[in-house]
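K.L.:
here's my sequence, what's the structure:
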Amino acid sequence: MAAVRQPNNRRPIQLEESMQLALCTWQEVEAYLKRSTGIIIPIGSTEQHGPNGLIGTDAICAEVFAREVGKQADAMVAPTISVGMAQHHLAFPGSMTLRPSTLIAVIRDMVASLSRHGFTRFFFLNGHGGNVATTTAAFSEIYAETSLQAGLSNGTPVRCMLKNWWEAPSARRLSQSLFPGVEGSHATPSEVSVTYHAYPEAVKAVAAMAPEVAPSGSFTDAADYRRRFADGRIGSNPALASAAHGKTIVEAVTPELATAYRDFVAS
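P.N.:
Just a heads-up that it's a prediction; the model follows:
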């Protein structure tokens, strides 16, 4: 089967074995629900990632892993939530954010829409640390709404899970072996490598980064972030990123994420 061509002229990724909700008919979704009520929802962010990192890094990583997990676990994959909670990056051009309340509303409405059709297990595959607090708050809102319903039955409940791809054991092990001491916490060589694997034509060449390893630390708002981390990196050296490393990471991490998805759906 030919590669699925993505909009906005990006290079097509080979996705012929992945069940993407957006590329299905309603009849195909109805047939899927007869054998599974699980769905993967990639969630990321649109924000700066240093001198050589793509602004779409977090959304791209989430989407790449979601589609690969979808293949291995025979799972439906929803459209990516590509803008997340990233207010602290707004001092860098191109960065976008949703307010926490807006992101909570988006997640609630997506789950409500899909649960109406019979989906009950929502596996959010996350590519952005800034989404964690807001996404788990959204889950609490979803559960509270269900619990407060009058005449609550003991039927199959809706369940949500948030999985951060970079916390998979293989991801941690490879970041330590491939990028010892320079992984950092933002614009990491691991995440930049995954995007280069997905879109090798978008690799950015940077002559030098100064300092070679970015400083680490905390921050408050967007202006404070820009003052403390002038080029956008935190504790990292993404100059070590490569498409080859990205391929290694994706191939190692995907089976672990697929196992987590299967266990969640079966719970």
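K.L.:
and the host helix or strand of residue 62, what does it pack onto?
P.N.:
Assessed by DSSP states H and E, residue 62 sits inside helix 57-73. If you count contacts as 3 or more CB pairs under 8 Å, 6 or more residues apart in numbering; DSSP states H and E, helix 57-73 packs onto strand 19-20, strand 38-43, strand 76-77, strand 121-126, helix 189-198, helix 243-266. Backbone N, C-alpha and C define where each C-beta goes, glycine included.
K.L.:
could those go into a markdown table alongside mean pLDDT, distance to residue 133 and mean neighbour count?
P.N.:
A markdown table is the format used below for the helices and strands packed on helix 57-73 (pLDDT from 0 to 100; distance: least, CB to CB, whole Å; neighbours: other CB atoms under 10 Å):
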| stretch | mean pLDDT | distance to residue 133 | mean neighbour count |
| --- | --- | --- | --- |
| strand 19-20 | 95 | 28 | 18 |
| strand 38-43 | 98 | 13 | 27 |
| strand 76-77 | 98 | 24 | 25 |
| strand 121-126 | 98 | 11 | 26 |
| helix 189-198 | 98 | 19 | 26 |
| helix 243-266 | 98 | 20 | 18 |
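K.L.:
can you put those in CSV and add distance to residue 231?
P.N.:
Shown next, in CSV, are these (distance: least, CB to CB, whole Å):
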stretch, distance to residue 231
strand 19-20, 35
strand 38-43, 26
strand 76-77, 34
strand 121-126, 25
helix 189-198, 13
helix 243-266, 21
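K.L.:
was I right to think residue 121 contacts residue 40?
P.N.:
No. If you go by CB atoms under 8 Å, residue 121 and residue 40 don't touch, sitting 9.6 Å apart.
K.L.:
ok so, going back, of the helices and strands packed on helix 57-73, which is nearest residue 55?
P.N.:
Residue 55 lies closest to helix 189-198 among the helices and strands packed on helix 57-73, at 10.1 Å (CB to CB).
K.L.:
whatever helix or strand comes next after the closest one: which residues count as buried?
P.N.:
Per DSSP H and E, the first helix or strand lying C-terminal to helix 189-198 is helix 222-228. Buried residues in helix 222-228, counted by 16 or more other CB atoms under 10 Å: 222, 225, 226.
K.L.:
show me the contact partners of helix 222-228.
P.N.:
Helix 222-228 has contacts (CB atoms under 8 Å, 6 or more residues apart in numbering) with 87, 88, 89, 90, 91, 92, 215, 217, 219.
K.L.:
OK, contacts around the last one?
P.N.:
I take that to be residue 219. 88, 225, 228, 229.
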